[in-house]
Every structure is written in structure tokens, then in C-alpha cells.
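Q: The following comprises the amino acid sequence and a computationally predicted model.
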Amino acid sequence: MPINTKNQFLLLYGSQTGQAKAIAEEIADKAGNHGLHADIHCLSQTEKTFNLEKENCAVFVVSTTGEGDAPDTASKFLRRLRKKTLPNDYLCKLSYTLLGLGDTNYTNFCNCGKTLNKRILELGGKLFYNPGWADDGVGLEIVVEPWLDNLFESLKKQLHISSVPTDTIMDITASNTNSNQGEILDPLEKNTDLNTVVNLQMTDNDSHLDNIASNADKTITEQDSDLTQDSSRNNSSINSDIGSENDPNTIPCLTSSVPPLSYSDLTLPAMPPSYIHATFDENHTINLTDLPRQNGYPFPSANSDVRVVAISSATILTSNDAVKKTLKIGLDIKNSGITYEPGDSVSIICPNNEHEVKDLLQRLNVLEKADTTVNLSIIPDTKKRRAVVPPHIPEQATLRHIFLTCIDIREPPKKALLRVFVEHASHPREKRRLQELCSKQGSNDYSQFIREQSLSIMDILRTFPSCHPPLHSILEHTSRLKPRPYSACSAPSSCPDRLEFVFNVLEIPEGNGRHTARQGVCTGWLDNITKSIQTNNEDLNSQISSLSLNEDIQIPIFTRTNQHFRPPTDLSCPVIFIGPGTGVAPFIGFLLERQKHKQSLAEDTTYGETWLFYGCRNKDKDYLFKQKLEDFQSSRTLNKLCVCFSRDEQPENSPRYVQDFLLQETDAISKLIKTEKLLIYVCGDAKNMAKDVNEAFVKIIKSKMGLSEEEAKNYLMKMRLHRRYFEDVWT
Ligand SMILES: Cc1cc2nc3c(=O)[nH]c(=O)nc-3n(C[C@H](O)[C@H](O)[C@H](O)COP(=O)(O)O)c2cc1C
């Protein structure tokens with residue numbers, strides 16, 4: 001396909017953890033199938049490789065991070081676009097569309113995408129296709145897939161390209177008849193795509209190829225017909241096999257409670273072309289300790305270099321009979337060059353579980369070669385455009401190294417990988433169920449049975465025993481293994497050489513498609529490697545640490561600054577901290593810092609009221625930092641400590657959750673709000689707690705300030721905008 005400016009569009013992405021980038025790359029890949037060429041760049045390349053004001057046609061894919069913030073790689077671009085000096089017609093040449101990624105569990109859903117969209121419109125840009133707002137909380141694909149389906153028709157209309165050159169069609173089209181060319185489309189409404197439609201009527205012995213041929217309204221080229229015939233062979237065998245059993249209920253399901261889809265048409269994603277070639281070199285021994293972590297590819301959001309530091313303590317903060325085990329880890333950062341402030345987080349670069357790696361390598365039939373040097377290269381005649389070995393995977397390493405440290409083998413397999421699995425499942429009924437799960441019609445099943453249950457690649461392979469995918473497919477379709485961030489619960493002003501953080505050891509039970517019970521990747525690893533030094537006694541821990549008995553437990557980390565979640569600088573402001581469970585962590589650091597400040601302040605300094613709302617299940621089992629919090633209260637660093645226990649026997653009307661406690665304190669809190677100096681900090685679970693806390697404040701403001709619901713919500717929104725309401729939440 002010749003590249004000329006006529007069929008070219010600018011494709012820009014801003015991504016924090018890789019999803020927006022992956023979707024942008026998918027758009028770039030698919031563009032060629034439609035006779036289009038995507039000039040793809042990260043937004044960080046602004047003014048180096050692209051200049052927006054000179055562009056005619058652009059597609060943006062941007063996620064939101066932090067508290068409604070732009071990804072790190074997009075912030076410079078947004079800063080430039082926000083300049084007040086830009087004229088109103090700055091982008092008047094530009095027609096564009098935008099796909100925003102976000103998560104409705106966070107307060108500012110898709111804020112970065114929405115802000116960008118608003119600003120481009122203000123600067124004279126015109127939308128040629130409705131923006132899509134995809135919600136990671138329920139599954140990005142629910143919006144992304146239909147949005148992508150219609151994007152290319154709109155792009156072609158925009159670029160005045162009426163027909164698709166036949167030599168560029170890779171996908172196979174069956175029922176592609178309702179193409180709404182040129183309209184601005186609602187991504188959720190209409191559906192015109194270039195995907196494979198598989199018809200598997202029980203009674204219909206027509207081959208898949210026949211079905212496609214009769215419905216197709218696009219030419220299938222020679223190179224594509226290979227793909228078609230492959231599918232045809234596989235699918236016609238499915239038909240005859242299913243036909244002979246004649247019982248739809250025998251189609252294997254992920255769990256016995258999962259019904260299969262009906263035997264209707266399925267629209268499958270196009271089979272992704274393979275592109276990585278792995279060869280083993282027995283004569284070459286590789287020194288793995290020399291290999292940079294994840295091939296030296298930078299970690300997004302790192303604010304320090306990666307450092308290897310010693311774990312100097314591991315304190316169990318919960319009783320033996322608590323539902324969850326909570327650990328506090330102390331890191332020795334003396335001479336490490338690592339600095340941090342309360343509110344910052346430490347990211348732990350953890351490996352996958354070694355048994356899971358072994359099981360997967362065994363299943364892929366490469367366990368004997370796990371420690372042999374492997375060379376990865378690009379298949380010379382691959383059909384994948386711009387194919388490169390993923391930058392976080394070294395081209396020369398061992399499989400064990402790659403599977404342990406570079407790729408995420410726990411993440412639910414993407415639909416593209418399931419599509420590959422379809423081709424490598426030999427049992428017809430398993431093949432059919434895999435087809436369902438990656439099909440458009442099976443989207444709900446995919447969300448419900450794979451994504452929501454967090455099934456791993458190995459869970460899927462165990463469920464479909466006849467499926468034996470090739471090694472390269474796993475390397476091609478897995479994400480980078482991500483470092484796990486934890487808020488610091490210490491303060492450098494009180495112990496400059498130590499950084500502490502807390503976490504619950506995540507226990508994931510067997511069931512719902514998960515073939516084995518497991519622990520969280522990072523929390524399970526930290527729990528295991530610190531077993532020998534774990535203690536319930538903080539004092540014992542400091543003795544161990546002073547004896548330096550555990551220098552050999554070392555872990556790689558980096559820190560991330562959190563400019564938006566900092567202790568108040570004006571100590572006269574009243575402040576309310578809300579942090580149930582491990583959400584209390586940053587507030588311990590804040591209070592340590594506050595205590596230090598207070599000690600150095602003159603007697604008559606005005607010191608704002610400081611309250612903490614904390615919650616856990618049981619007073620005697622999982623009340624984290626009990627002693628410390630009570631000490632803060634005794635020293636008047638904390639003026640009010642409101643603790644609730646959700647599972648203890650209690651007098652009627654006792655608050656069970658922090659939001660109940662807030663409501664109980666409505667009068668006192670509303671007085672603090674009315675001072676217009678109150679600062680509110682919320683940390684912890686985004687899904688339930690942060691939303692409920694937000695609602696509790698709306699109720700308080702509404703009832704005590706005589707405002708309507710809408711006005712109360714606006715009041716709270718203004719508090720956020722004026723940096724008086726802060727959140728550090730996670731899902
Ligand atoms: C730490 C963190 C903070 C987030 N904050 C927000 C937010 O404020 N608003 C939102 O809509 N989505 C938020 N998200 C959800 C992401 O935007 C969403 O998961 C997206 O798919 C990530 O895409 P990326 O991998 O390209 O960065 C957040 C996700 C994380 C991990």
C-alpha cells in the first residue's frame with residue numbers, strides 16, 4: 001500500500017500503563033486493511049515528530065490517571081495546548097476524533113480525554129466522528145470495539161477515500177452491509193466491521209468459506225485466502241462434529257454454570273498474524289544477572305532510578321485469625337539515593353510466581369528449554385505491520401527469565417490471544433467455546449467469565465485441554481509485567497533512612513474458572529520472601545533491623561511522587577483524613593510529619609483541627625496502627641480519632657463504615673466546611689468507599705448548608721477544583 005498524504009492520518013496516543021498505546025497500535029494495524037495509513041506517535045513527541053496545528057486529520061487515544069490527570073507522556077502536550085495565548089482558530093484545519101479510556105470507579109471519568117476534547121474544540125478543531133468513552137471498570141472493549149468498527153468508514157469519508165484497494169484487505173468480511181459512511185456515529189449504536197463471521201448452524205453443513213463467500217461484499221485476495229481456507233478447514237470440521245453429537249449442552253463451558261452461546265453466527269476478530277520467531281542456542285550461555293530489568297525499557301511514572309534495596313523489617317499488623325493478613329515492610333534506603341515525601345508511593349518490581357511460570361512453560365512444551373539461551377527475532381515475511389519484539393522483552397535471554405520477570409502471565413488473556421487459541425484447539429467443542437468467548441456476540445461472556453474472574457492464561461489452557469498454542473503467541477499477546485505501587489506510611493522527617501509501606505496479602509480462592517487458589521503476584525511474593533523475618537512485634541523488628549540480619553532480602557524498587565496528595569502546608573487549616581484499612585497508610589506518614597512540625601512550632605501557633613476516620617472489620621484482629629494512632633491522639637497531633645468496626649458486635653446505631661461515621665458527625669463536619677479552610681483527604685478503595693464517602697459529604701453539605709442535591713454536588717466539585725478535597729484511591 002503506497003503511503004501518500006491522501007490516505008494518511010495522524011494517530012496520537014497518551015498512555016500510562018499501556019492500554020491506550022495498545023489500542024492505538026491496533027488502530028494502526030487495522031488501518032492498512034482499509035486502505036489507510038496511520039502516522040502513529042506518542043503525545044510526548046509533540047513538536048518533535050508532529051505539529052498539531054499543521055494537521056488535517058487526527059485520531060487521539062488517551063487514558064486518564066491519578067486523580068483525573070493526564071498520563072505522564074501526555075502532560076507536556078496538554079500544557080502547550082492549554083496556553084491562553086493560543087488563538088481561537090489555532091486548530092481550525094484539524095478534523096479529529098478521540099477515544100478516551102477511563103474507569104467510572106474514579107471520580108473524574110475520562111477527565112484527560114474530555115479536557116483534551118473540549119480544548120481542541122475551543123481551538124477550532126472539528127469532530128468528524130463522535131468521541132468514545134471507554135470504561136475499564138466494566139471492560140474497555142464494550143465501547144472500544146463498536147467505536148473501532150465505525151472509525152474507519154468515518155476516516156475514509158473524511159479523507160475522501162471511497163473504495164478500499166483490494167490488495168490491502170486482510171480481514172474477511174461477511175455481513176458488512178450497513179456501513180454508515182460519513183455520518184457522525186454513536187460508537188454504541190451501529191456496527192459495521194471487517195471481521196470474520198463464523199456461522200455454525202447445527203443443521204447447516206455449509207463450510208465457513210461458503211458462508212463467507214455468499215455474504216461477502218469485499219474481495220478476498222490471494223494472501224487472505226490462506227487464512228480463509230484455514231478457518232474453513234477448522235470450522236467445517238466443527239460443524240460435522242457438533243452435528244454428530246447434536247447436543248448443544250455438551251459444549252464445554254468455563255464452569256458448569258456458564259451456558260454456551262447459541263449456535264448462531266459469530267463475528268470473530270481477524271486472526272492476528274504471528275511475528276516473533278524463537279530459536280534456542282545450546283552453545284551460548286547467557287549471564288542473566290547482566291540483563292537490565294525488563295530489557296532496560298523505562299517504567300512509566302518512575303520518579304527515581306530503579307534501586308535494589310534491603311528489606312529491613314516485616315511486621316504482621318493483623319492477628320492470626322484475621323480474614324486478611326496485613327504486612328508492613330520496612331526498606332533500608334540509606335545510601336540508596338532514594339528520597340520521598342509523605343503521600344509518595346514506592347513501586348515494587350516483582351517477579352511472577354515461579355510455579356506458575358513452570359506450569360505454563362510445561363504446557364507450552366518448552367520447559368526443558370527454559371534455561372537455554374533463546375534468541376527472539378521478527379519473522380521476515382510477517383504480515384504484522386511495524387513488527388518489533390516488545391521493548392520490555394530482551395531479544396536474547398532465557399524463557400524462564402522472560403516469563404518470570406518481563407511478561408504478565410496472570411492477566412486475563414486478551415481476545416486476540418483467545419482468537420489464536422481457537423486455531424490451536426483440536427477439540428471441536430472447545431474450539432467453538434473459544435470462538436464464542438472472543439466473538440463480538442460473546443462479549444458479555446468474556447467480561448463475566450474471564451475478565452471479572454481474573455482468569456489467567458493457564459486457567460484458560462486448563463479449561464481447554466486440547467488447546468496447545470505456540471510459544472510465540474504468548475510473547476506476542478501478553479502485556480508487560482507491571483510494578484505494583486504502595487503508598488509510603490512513613491515520613492522521612494522522622495526516619496530518613498527507612499521507607500515503610502503496608503499491604504494486605506491478597507488471597508484469591510479457587511473456583512469460577514480459576515483452577516487453583518493463588519495469592520496476589522506482588523503481595524504473595526513479598527509475603528514469601530519475608531517469611532523468615534516476619535514478626536508481630538515492632539520492637540523485635542527494629543532489633544532485627546539494627547543487627548542487619550536480613551541484608552540478603554533485596555528487592556528492586558522505584559519511587560513515584562504524588563504532587564496531588566501532599567500533607568497540608570498551611571497548618572492552620574482544619575483537616576479530615578479518611579482512610580479505612582490500608583488506606584490509612586499515607587495518613588500515618590502525614591501525621592508523623594505533622595507531629596514533627598508541631599514540635600517545632602511556637603506555642604501560640606494556630607493549629608487546625610485534625611481528624612481521622614478509620615475503619616476495619618474487628619477491633620482485635622485488624623485494627624492497623626492502633627497504638628500509633630492512639631499516641632497521635634494523646635499528643636494532640638490528632639484531635640479526633642473516629643474508628644468503626646464493620647464486623648464486631650456493637651450497640652445499635654453504631655457506625656459500621658467510615659461513611660456512616662461521617663454522617664453521624666454531620667453537625668461538627670459542616671461547621672468545619674463552613675470555615676472554607678477545611679481540607680479533606682480520602683485514601684483507599686475507589687469502588688465502594690470513595691464513592692460512598694463522596695455521597696456522605698454531599699448529604700452533609702445539602703442538609704446543613706441549605707443547598708439542593710445538585711448545588712451540594714457542585715460545592716464538593718468546587719472543593720476538588722480549589723484543592724480542598726483530595727483522593728488517592730485504587731480499584
Ligand atoms: C492509578 C490509577 C488512577 C486512575 N485514575 C483515573 C481517573 O481519575 N479517572 C478515570 O476515568 N480513570 C482512571 N484510571 C483508569 C485508567 O484510565 C484506565 O484503566 C485506562 O484503561 C488505563 O489506560 P492506560 O494503560 O493507557 O494508561 C486510573 C487508573 C489507575 C491505575
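A: Nice, thanks for sending it over. Numbers count the residues shown, from 1 in each chain.
Q: The stretch 401-550 of the chain: strands as residue ranges?
A: Assignment of strands within the stretch 401-550 of the chain using DSSP state E, counting those that start in this stretch yields the ranges 484-487, 498-504, 507-508, 518-519, 534-535.
Q: cool, the stretch 1-150 of the chain as well?
A: Here the stretch 1-150 of the chain has its strands, by DSSP E, counting those that start in this stretch, at 8-14, 37-42, 57-63, 95-102, 126-127, 132-135.
Q: Longest strand in the protein, please.
A: The longest strand of the chain (DSSP state E) is strand 307-316.
Q: Show the subsequent helix or strand relative to that strand.
A: For strand 307-316, the succeeding helix or strand toward the C-terminus, using DSSP states H and E, is strand 326-332.
Q: Mind giving me the packing neighbours of that following strand?
A: strand 307-316, strand 498-504, helix 521-529, helix 538-547 (3 or more CB pairs under 8 Å, 6 or more residues apart in numbering; DSSP states H and E). For the C-beta atoms, the positions are set from N, CA and C on the backbone; glycine is no exception.
Q: Including mean neighbour count and mean pLDDT, could the ones you listed go into JSON lines?
A: Listed next are these as JSON lines, based on neighbours: other CB atoms under 10 Å; pLDDT from 0 to 100:
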{"stretch": "strand 307-316", "mean neighbour count": "20", "mean pLDDT": "96"}
{"stretch": "strand 498-504", "mean neighbour count": "22", "mean pLDDT": "97"}
{"stretch": "helix 521-529", "mean neighbour count": "20", "mean pLDDT": "98"}
{"stretch": "helix 538-547", "mean neighbour count": "14", "mean pLDDT": "53"}
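Q: among the ones you listed, which is nearest the ligand?
A: Shortest distance between the ligand and the helices and strands packed on strand 326-332, using CB to the nearest ligand atom, is found for helix 521-529: 14.2 Å.
Q: before we move on, the earlier item: as JSON lines, the strands of the stretch 1-150 of the chain with mean neighbour count, mean pLDDT and distance to the ligand would be great.
A: Below are the strands of the stretch 1-150 of the chain laid out as JSON lines (neighbours: other CB atoms under 10 Å; pLDDT from 0 to 100; distance: least, CB to the nearest ligand atom, whole Å):
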{"stretch": "strand 8-14", "mean neighbour count": "24", "mean pLDDT": "96", "distance to the ligand": "8"}
{"stretch": "strand 37-42", "mean neighbour count": "20", "mean pLDDT": "95", "distance to the ligand": "11"}
{"stretch": "strand 57-63", "mean neighbour count": "25", "mean pLDDT": "97", "distance to the ligand": "3"}
{"stretch": "strand 95-102", "mean neighbour count": "25", "mean pLDDT": "97", "distance to the ligand": "2"}
{"stretch": "strand 126-127", "mean neighbour count": "15", "mean pLDDT": "96", "distance to the ligand": "20"}
{"stretch": "strand 132-135", "mean neighbour count": "23", "mean pLDDT": "96", "distance to the ligand": "7"}
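Q: May I see these arranged in a markdown table, with distance to residue 576 as well?
A: Shown next, in a markdown table, are the strands of the stretch 1-150 of the chain (distance: least, CB to CB, whole Å):
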| stretch | distance to residue 576 |
| --- | --- |
| strand 8-14 | 33 |
| strand 37-42 | 39 |
| strand 57-63 | 30 |
| strand 95-102 | 27 |
| strand 126-127 | 41 |
| strand 132-135 | 29 |
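Q: For residue 455, find the nearest of the ones you listed.
A: Smallest distance to residue 455 across those (CB to CB): 20.3 Å, for strand 132-135.
Q: Low-confidence regions, the stretch 601-731 of the chain specifically.
A: For the stretch 601-731 of the chain, no stretch has pLDDT under 70.
Q: Do a quick rundown of the strands in it.
A: For the stretch 601-731 of the chain, applying DSSP E, counting those that start in this stretch gives strands covering 610-616, 640-645, 679-685, 725-730.
Q: any chance of these in JSON lines, with distance to the ligand and mean neighbour count too?
A: Output for the strands of the stretch 601-731 of the chain, formatted as JSON lines (distance: least, CB to the nearest ligand atom, whole Å; neighbours: other CB atoms under 10 Å):
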{"stretch": "strand 610-616", "distance to the ligand": "22", "mean neighbour count": "25"}
{"stretch": "strand 640-645", "distance to the ligand": "26", "mean neighbour count": "17"}
{"stretch": "strand 679-685", "distance to the ligand": "12", "mean neighbour count": "23"}
{"stretch": "strand 725-730", "distance to the ligand": "6", "mean neighbour count": "20"}
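Q: Distance to residue 364 added to those strands, as CSV?
A: Shown next, in CSV, are these (distance: least, CB to CB, whole Å):
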stretch, distance to residue 364
strand 610-616, 43
strand 640-645, 48
strand 679-685, 36
strand 725-730, 33
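Q: Kindly state which of those is positioned closest to residue 393.
A: Proximity to residue 393 (CB to CB) singles out strand 725-730 among these, at 27.2 Å.
Q: Can you name the residue of the stretch 351-500 of the chain nearest the ligand?
A: Taking CB to the nearest ligand atom, the stretch 351-500 of the chain has residue 485 as its residue nearest the ligand, at 7.5 Å.
Q: Report the beta-bridge partner residues of that residue.
A: Beta-bridge pairing for residue 485 (DSSP bridges): residue 347.
Q: nearest to residue 604, of the strands of the stretch 601-731 of the chain?
A: Evaluated over the strands of the stretch 601-731 of the chain, closeness to residue 604 peaks at strand 610-616, with 17.8 Å, by CB to CB.
Q: partners of the closest one in the sheet?
A: Applying DSSP bridges, strand 610-616 is found paired with strand 575-578 (parallel), strand 640-645 (parallel).
Q: now what about the following helix or strand past the first one, what contacts it?
A: Heading C-terminal from strand 575-578, the first helix or strand you meet, by DSSP H and E, is helix 585-600. Residues from elsewhere that reach helix 585-600, judged by CB atoms under 8 Å, 6 or more residues apart in numbering: 342-343, 486-491, 493-494, 501-502, 565, 567, 571, 577, 579, 607, 610, 612, 625, 628, 632, 635-638, 681, 683, 728.
Q: CA atoms of helix 585-600 as CSV?
A: What follows is helix 585-600, C-alpha atoms only, in CSV (Å, rounded to 0.1, in the frame of the first residue of the first chain):
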residue,chain,number,x,y,z
ALA,A,585,-1.1,4.3,55.2
PRO,A,586,-0.3,7.7,53.8
PHE,A,587,-2.0,9.4,56.8
ILE,A,588,0.4,7.8,59.2
GLY,A,589,3.2,9.5,57.2
PHE,A,590,1.2,12.8,57.2
LEU,A,591,0.7,12.6,60.9
LEU,A,592,4.3,11.8,61.6
GLU,A,593,5.2,14.9,59.6
ARG,A,594,2.6,17.0,61.4
GLN,A,595,3.9,15.8,64.7
LYS,A,596,7.4,16.9,63.8
HIS,A,597,6.2,20.3,62.6
LYS,A,598,4.1,20.8,65.7
GLN,A,599,7.1,20.1,67.9
SER,A,600,9.0,22.9,66.2
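Q: Contact residues of the stretch 351-500 of the chain facing the ligand?
A: Neighbours of the ligand within the stretch 351-500 of the chain, by CB under 6 Å from any ligand atom: none found.
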